[in-house]
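Chemist: Any chance you could fold what I've pasted below:
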Amino acid sequence: MSGQEYKRPLIPHEQAVTAAANIRALRIARGWTQTQLAGKMGWANASTVCAAEGRRDGRQRSFTPAEISLLADIFGVRPWELTSRCAHCKGNPPVGYTCQTCGGSLPR
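Modeler: The predicted structure is shown next:
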């Protein structure tokens, strides 16, 4: 590749942020630790899950489409559900409340 580094395809940043909130909500709902999810994903350790959940010094880890597909399989959801809506409130928090996972809110 003569001086050019191969770059793996990544999903858009906005989708990665949504996926991060969904990954955390789904992991907690299942009672899994970050270490357990890392093992299911084949990641080296829990710090990768921490970064995937956007919890590492405010930096959001990127995801490849293949990682999103594997995460969706692990959680038993479709890939678009990880990247397009909150798994916690399904995009519909109770009226007058804000979802603490995705920050979404509906007016009173």
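Chemist: Just the residues contacting the longest helix along the chain, thanks.
Modeler: Secondary structure assigned by DSSP state H gives helix 13-29 as the longest helix of the chain. Residues from elsewhere that reach helix 13-29 (C-beta atoms under 8 Å, 6 or more residues apart in numbering): 10-11, 34, 37, 49, 52-55, 60-63, 68, 71, 75, 77, 81-88, 101-102. Every residue, glycine included, has its C-beta placed from N, CA and C.
Chemist: And for the residue nearest to E67 when sequence neighbours are not counted, the neighbour number?
Modeler: In space, and not counting its chain neighbours, E67 is closest to M41: 7.6 Å by C-beta to C-beta, 6 or more residues apart in numbering. Counted with other C-beta atoms under 10 Å, residues neighbouring M41 total 16.
Chemist: now M41: how far from T83?
Modeler: Distance, M41 to T83, by C-beta to C-beta, to the nearest Å: 16 Å.
Chemist: Tell me the predicted confidence for the residue lying closest to T64 once chain neighbours are set aside.
Modeler: Spatial nearest neighbour of T64, chain neighbours left out: R8 (5.4 Å); criterion: C-beta to C-beta, 6+ apart. According to the prediction, R8 has pLDDT 79.
Chemist: repeat for R85
Modeler: We note a pLDDT of 72 for R85 in this prediction.
Chemist: Over to T35?
Modeler: pLDDT for T35: 96.
Chemist: That one and S47 touch, don't they?
Modeler: No: with contact defined as C-beta atoms under 8 Å, T35 does not count as touching S47 (9.9 Å).
Chemist: hey, what's in contact with both of these two?
Modeler: Common contact partners of T35 and S47 (C-beta under 8 Å, 6+ apart): none.
Chemist: The residue nearest to E67: what's it in contact with?
Modeler: Contacts of M41 by C-beta under 8 Å, 6+ apart are 48-49, 67, 70-71, 74.
Chemist: ok, now how distant is A19 from P9?
Modeler: Plainly put, A19 is 15 Å away from P9 if you go by C-beta to C-beta.
Chemist: that older thread, by neighbour count, which of the contacts of M41 wins?
Modeler: Result: V49 is most packed of the contacts of M41 (other C-beta under 10 Å), 25 neighbours.
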